[in-house]
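Participant: Below are the sequence and a predicted model; questions follow.
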Protein chains: 2
Amino acid sequence: MPVKRQKWNEDFGEWFRDVLINAGIMDYRYPIKGSGVWMPYGFKIRKNVLQIIRDLLDNTGHDETLFPLLIPETSLAQEAAHVKSFEGECFWVTHGGYDKLKVRYALRPTSETVIAPMLKLWIRSHADLPMKMYQVVNVFRHETKATRPIIRMREVATFKEAHTCHTTGEEAEKQVQDAIGLYKQFFDSVGVPYVVSRRPEWDKFAGALYTTAFDLLCPDGRVLQIGTVHNLGQNFAKAFDITYETKEGNQEHIWTTSYGISGRGIAAVLIAHGDDNGIVLPPRIAPIQVAVVPVPYKGKEEEVNQACSDVADTLRKAGFCVELDLRSELTPGNKFYYWELRGVPIRVEIGPRDLANGVVTLVRRDSLKKQTCNASDVVCGVQKLAEEISCDLKTNAEAWMKKRVYRVNRLGEAKSLLKRKAGIVEVPWCGKDECGHSLEEAVEARLLGFPEDTKEKVEGKCVVCEEQAVNVVRVAVAY
Amino acid sequence: MPVKRQKWNEDFGEWFRDVLINAGIMDYRYPIKGSGVWMPYGFKIRKNVLQIIRDLLDNTGHDETLFPLLIPETSLAQEAAHVKSFEGECFWVTHGGYDKLKVRYALRPTSETVIAPMLKLWIRSHADLPMKMYQVVNVFRHETKATRPIIRMREVATFKEAHTCHTTGEEAEKQVQDAIGLYKQFFDSVGVPYVVSRRPEWDKFAGALYTTAFDLLCPDGRVLQIGTVHNLGQNFAKAFDITYETKEGNQEHIWTTSYGISGRGIAAVLIAHGDDNGIVLPPRIAPIQVAVVPVPYKGKEEEVNQACSDVADTLRKAGFCVELDLRSELTPGNKFYYWELRGVPIRVEIGPRDLANGVVTLVRRDSLKKQTCNASDVVCGVQKLAEEISCDLKTNAEAWMKKRVYRVNRLGEAKSLLKRKAGIVEVPWCGKDECGHSLEEAVEARLLGFPEDTKEKVEGKCVVCEEQAVNVVRVAVAY
């Protein structure tokens, strides 16, 4: 039963792939490269994570909707920068049955050009605005880079994309800030650390005025973009001629934003809290929050199993998701291993000695530390432990990442840190495109952009041209 | 604001299309034929309906999963009958970016051939069985018939498909009966009437041993297939060589079933309970269960609005989904019209006279009948009314459909009933294919199949060959 375990930080890529399949999250062996299956346990984690995002959006006036998958090439082509960026990575439907289609359809890589023609029908006047919508759908990119489960798929089976429409640029700008705030709330609630940066001009979303992105540092020292927020200005509105009547009776183009979190939002939780034993789930999103495992001694099986069953019932009544593991074909050790791999936050063990002392043993998945608790206080004990785990997961993941953000003033230092993938490096930058490109080339890494999550402006000289820097820019080796 | 209303039973096609867009359920004006947008209100109805199905499946050991959209042509081709039936109506992806794909991908028309290669990896021994899974996804059919919103789409945006695996044919057979039972529970819970029939050989699902289907009679006298249950025998197991090790150590092919309900499961609710004023939602799936509308009299606006607000709060606290409609730009009459169109089951009206008498007026959406209720008893009153509405919707829809099921013994009679689309006609049939085809041709309608929802066997002579009939067969003009 036990399989070879990969080290979280030494063989991260292998660790992630193995853990996904062994923990029953995603099976990546589907006969199309870059497509995977969300298995039952993984699907439940996905559902719980998405529920947090849905609640945040629902409570801030976003309506959930569902738009079509297929985009006529003629629609995709309407925004020039957009089509230029996406046409080379779209999957194209050319035939319906035995017939060739007159216009090819792209499988949506994102839905701006799906939604735009409908906005044109729906928006008449300022009274229709603002309009905030979202959908959770699959999107497709014909990736030429090496695909990786969840992180870089050709079928991104999970993409939450929000789209908003406004009467003014100021309102759109405010929505961008609100969206950043929502995403911070989401990642905070699952204890995933991040930096928020404004992407350089050459790395913004095609068709946007600018793009702001959330990045997570992975255990291998590379960053993973885990969320993006785009101010689309009036670009799509003009391309699709979407106007509204102002209070004064004039026709004006609307302003739009869009922001998305893909399956990477789920991957981030698994990556940030994982360890050599498997994944570690924050109690809030764990499909099973407590696994109750009997540790029987010959002749005491029945009593021990009964005590486990009682504790499981008590915890269930208190609202916990509990799995009572009475499988007879596995040893307690095998069961521990099984639930650790799957990241169940708390394990309750009961053996004859616990029984005799009127206690249960509680084991934290994150630290693997054991403690005992009076059997009569098990609800309180588990409740308290769940809170501690949630809190500690966040604190530890943040501390781990924070330690790996370096601020340096010299190019050579940046280069050496990035060469050994030490983490995220912040260096002063003048903001000019040419210096940015030179910097990326010199350090063989990517500019994440100026910090968007702090008001601090750092003085200094650009590490490339030595002129006055605008601020530090974040640089990292990126997925 | 008011738009022309179509009659539910006189212009059913128009009625349905208009009601979908006017009530904010589905906008069908997307630039690809047969694709539509689930709008916010419609999405909420969809979610509530799907939740009932999900609960039924979750509680009977089905695991929710998510499989890829794309099927390599090589997979689709593995089951001969299946590919023959579907290849002519698949959408085909032929290019990824600028490159032609080596193997074309079909957009899933259904997922048997998506799931099969994974089952082959997952299933090892009898201990892995039974396995019951489902997913809610979009599927695609390049329909050549006229498309209709929700009812006949090219992108079926909502398809709940379940797939199960078993060790024996008996177990698969039992699963088919269980699935029929689950679907009955589902349709009963939303008050949708149906007949269940075993489809004739020539109309079964491609690759199945046999297909059982649920049909709803629409107001125009045509039937709509709203759910199907297939016994797939060992056909897919053999085509994909999916075996398990028996207790005795032999390798045997598994037995599989599949069963699905599409967006038609949602359409059925709208169709079955609709009327000339719009849709009528069973309280259980209504996103808004109660609309509270003030009927103010000059000088009494503030008091009336306050009373409405209080009642809305009280009902919300009691767990109802309530909309308090204080829009100043609409007259009460316009508001009544607005909420009736959208099928909100109960309207609470409060005017100055109600206020003076300490009562509120409750209006049922289904019958439009009014009654008063002491303001202090509003929770009880609304609760009772909601139960009555749920019950009456089911009773009335069932009675309406039952009246339109005719049992006749002569072909001429069947023909005349079907010519004027009177409903579903049951006639004795010997069960032979050739007589079945002759029958379909003679009455210009479709054989739904032998009844599967009653044990009654009707004696009689086949209306075509006049030999001894096996039973009556249901015949109807079908969508």
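Facilitator: Everything's here; your move. Computed from a predicted structure; not experimentally measured.
Participant: Give the other helices and strands that the lowest-mean-pLDDT helix or strand in chain A contacts.
Facilitator: Lowest mean confidence among the helices and strands of chain A (mean pLDDT, DSSP states H and E): helix A:80-86, at a mean of 89. On a contact count with 3 or more Cβ pairs under 8 Å, 6 or more residues apart in numbering or on different chains; DSSP states H and E, helix A:80-86 meets helix A:73-76, helix A:235-239. Where C-beta positions appear, they are placed from N, C-alpha and C, glycine not excepted.
Participant: following the longest one, which helix or strand shows up next?
Facilitator: To tie it back to what came earlier, the one meant is helix A:235-239. Note on helix A:235-239: by DSSP states H and E, the next helix or strand toward the C-terminus is strand A:243-245.
Participant: Of the helices and strands packed on helix A:80-86, which is nearest chain B?
Facilitator: Each of these has some distance to chain B by Cβ to the nearest Cβ; the shortest is helix A:73-76, at 6.2 Å.
Participant: Just the residues contacting the closest one, thanks.
Facilitator: A:82-83, A:86-87, A:90, A:92, A:103-106, A:113-114, A:116-117, B:31 (Cβ atoms under 8 Å, 6 or more residues apart in numbering or on different chains).
Participant: May I ask which of these comes out lowest in pLDDT?
Facilitator: Least confident by pLDDT among these: that is A:H82, with 86.
Participant: Which is the succeeding secondary structure element to the least confident helix or strand of chain A?
Facilitator: Trace forward from helix A:80-86 with DSSP H and E and the next one is strand A:91-96.
Participant: Of all the residues in that next one, which ones are buried?
Facilitator: Across strand A:91-96, burial judged by 16 or more other Cβ atoms under 10 Å in any protein chain shown covers A:91-96.
Participant: Now for A:S367, which secondary structure element holds it?
Facilitator: Counting by DSSP H and E, A:S367 is found in no helix or strand.
Participant: brain fart, A:F16
Facilitator: With DSSP H and E as the test, A:F16 turns up in helix A:12-22.
Participant: can you list contacts of the very next helix or strand once past that helix?
Facilitator: Downstream of helix A:12-22, the next assigned helix or strand under DSSP H and E is strand A:26-27. Strand A:26-27 is contacted by residues A:20-21, A:36-39, A:42, A:149-150, B:118, B:121-122 when judged by Cβ under 8 Å, 6+ apart.
Participant: Tell me which of the residues you listed fall in strands.
Facilitator: Among the contacts of strand A:26-27, the residues falling in strands (DSSP state E) are A:37-38.
Participant: Any quick PyMOL command for the buried ones out of the contacts of strand A:26-27?
Facilitator: To isolate the buried members of the contacts of strand A:26-27 in PyMOL, using 16+ other Cβ under 10 Å:
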select buried, (chain A and resi 20+21+36+37+38+39+42+149+150) or (chain B and resi 118+122)
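Participant: Which one of the contacts of strand A:26-27 is nearest to B:V443?
Facilitator: Nearest to B:V443 out of the contacts of strand A:26-27 is B:M118 (Cβ to Cβ; 43.8 Å).
Participant: Let me see the contact set for that closest one.
Facilitator: A:27, A:29-30, A:37, B:67.
Participant: Look up phi and psi at A:G274.
Facilitator: Backbone torsions of A:G274, given as degrees, to the nearest 10, read phi -70, psi 170.
Participant: count of residues packed around it?
Facilitator: By other Cβ atoms under 10 Å in any protein chain shown, 22 other residues sit near A:G274.
Participant: Going through the contacts of B:M118, which ones are buried?
Facilitator: Buried among the contacts of B:M118 by 16+ other Cβ under 10 Å: A:27, A:30, A:37, B:67.
Participant: Report all helices and strands that the longest helix along chain A contacts.
Facilitator: Using DSSP state H, we find that the single longest helix of chain A is helix A:378-402. On a contact count with 3+ Cβ pairs under 8 Å, 6+ apart, helix A:378-402 meets helix A:264-273, helix A:301-317, strand A:346-350, strand A:359-364, strand A:370-374.
Participant: follow-up on the earlier one: what is the most widely separated pair among the contacts of B:M118?
Facilitator: The largest separation in these, counting by Cβ to Cβ, is between A:R29 and B:F67 at 12.3 Å.
Participant: ok, the contacts of B:M118 vs B:E413, which is closest?
Facilitator: The closest of these, once distances to B:E413 are taken by Cβ to Cβ, is B:F67, at 47.7 Å.
Participant: count of neighbours near the closest residue to the closest one other than its chain neighbours?
Facilitator: In this structure, B:F67 finds its nearest non-sequential neighbour in B:V114, 4.8 Å apart by Cβ to Cβ, 6 or more residues apart in numbering or on different chains. Residues lying near B:V114 (other Cβ under 10 Å) number 27.
Participant: mind listing what B:V114 touches?
Facilitator: Contacts of B:V114 by Cβ under 8 Å, 6+ apart are A:30, B:67-68, B:71, B:75, B:108.
Participant: what kind of secondary structure is it in?
Facilitator: The three-state label for B:V114, taken from DSSP: H, G, I helix; E, B strand; the rest coil, comes out as helix.
Participant: how near is it to B:E87?
Facilitator: Computed as Cβ to Cβ, to the nearest Å, the B:V114 to B:E87 distance reads 15 Å.
Participant: A:L447 reaches A:C435, doesn't it?
Facilitator: No - checked against Cβ atoms under 8 Å, the pair A:L447 and A:C435 is beyond contact range at 9.9 Å.
Participant: Just want to know which of the two has more residues nearby.
Facilitator: When neighbours are counted by other Cβ under 10 Å, A:L447 comes out ahead of the other of A:L447 and A:C435, with 23 against 20.
Participant: which SSE is that one in?
Facilitator: strand A:446-451.
Participant: Sheet-wise, list the partners of that strand with their directions.
Facilitator: strand A:195-198 (antiparallel), strand A:471-476 (antiparallel) (DSSP bridges).
Participant: pLDDT of that strand, averaged?
Facilitator: Here the average pLDDT along strand A:446-451 is 98.
Participant: Could you list the residues in contact with it?
Facilitator: A:195-200, A:203, A:212-213, A:215, A:223, A:424, A:426, A:429, A:431, A:436, A:439-440, A:470-478.
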